[in-house]
Each structure stands twice: as C-alpha cells, then as structure tokens.
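# give me coordinates for this.
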Amino acid sequence: MRQSTGSIWLVGLVVAFMLIFVSFLSLSLNYNKVFKIKNEALSFIEKYEGLRDGDKGAIKLINNYLLYNNYTTMHYCNEGDYGSRNLSSTSLELVSNSKVKYYYCVSKISTKTTNLPKRSKYQVRFFFKFNLPVIGDLLTFNVFGESIDVNYPADNLNYKIG
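From the prediction side, this is the model:
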C-alpha cells in the first residue's frame, strides 16, 4: 500500500513538471512569433518613412503581413494612440475609448531638432496570449518596439502628447 501512494505522488510531480515545461515552451513560441511580427512592422514603417494609408502605404503592408501570419490577438490601446480593429483596412483610427480592442497600437512621437523640425519616431505595440492547450487563454502580454527617427514622415498622424 505504501508503494502505491508513493508512486501516485511521483506521477503528480512528473505531471506538474510537464505542465511547467509545456507552459514555458508555449510562452516562448508565442513571444518569438510576435517579436518577429513587431520587427517586420517596424521595418515597413522605416522603409516607407511613416504610416501612410492607402493601397501603397505601410499600413496595408503591416495588415497583410498580420493576415498572412494568422495574427488574431486583440487587446486594449491607450487613448491617443492609433490602432487597427480591421486588418483588411488600409488606415488606422485614433483611439478615443480605452475599452475597445485593437490588433496593434501605434504612437507617433516628435523628436524634432532645430535642423529637422518634422522629425519623429514611432512606437508600436503588439500583443500575445499565454494559452495552454487544455486550460485556454490565461494572460495577454505586450511586445513594444520603437523605430529609428524618420526625418520627414509621409503620414498625417498626430503626435502623441504626454
């Protein structure tokens, strides 16, 4: 009888370590996917010198890239940011309600100098969920990124204040 209760405890311990291992693996794979998406979005912004909307702008390229990579995570953006609620759209909308979920968030920050008065950079935020196969979605995490300075941005987004 003693051996059977001892082996049940050992099986429970093995299951617990397996759950920890699968959780860590799931978390690292999701983070890696979103980190790659964030870097590609920043390269689109830098290549096209801003977030121009329309069919030939960086917003459409970012949204198509997200659709191609099956990115489906949505979360809340801060007020004053720009976000995308529809990946088939070619424009961003100003976040005025922090209770609405978006696929990603973008902030335009002024870094102007005396020589370059329209200099700015962009901060993007993507989301990923920590989910386990049996339990489901547990937490949502943010992945932040920042572009290099763009001298004359080719968009009409407002600068974030504050």
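# for the top strand by length along the chain, which helices and strands make contact with it?
As assigned by DSSP state E, the longest strand anywhere in the chain is strand 120-132. For strand 120-132, the packing partners by 3 or more CB pairs under 8 Å, 6 or more residues apart in numbering; DSSP states H and E come out as helix 2-47, strand 104-110, strand 136-146. No exception for glycine: its C-beta is placed from N, CA and C like everyone else's.
# tell me the angle of the first one relative to strand 104-110?
Put simply, helix 2-47 runs at 40 degrees to strand 104-110, going by axes from the mean of the first three to the mean of the last three CA atoms, to 10 degrees.
# check the last one too.
Computed by the same axes, to 10 degrees, the angle separating strand 136-146 from strand 104-110 equals 20 degrees.
# quick one: the residue most central in space within the chain and residue 88, what's the gap?
Geometric centre of the chain, nearest residue: residue 126, 0.8 Å, by CA atoms, centre = their mean. Computed as CB to CB, to the nearest Å, the residue 126 to residue 88 distance reads 18 Å.
# residue 140 now?
On the measure of CB to CB, residue 140 and residue 88 end up 23 Å apart.
# isn't residue 141 right up against residue 128?
Yes. Counting by CB atoms under 8 Å, residue 141 does reach residue 128; the two are 5.6 Å apart.
# what sits in contact with each of these two?
Here residue 141 and residue 128 have residue 31 as joint contacts, going by CB atoms under 8 Å, 6 or more residues apart in numbering.
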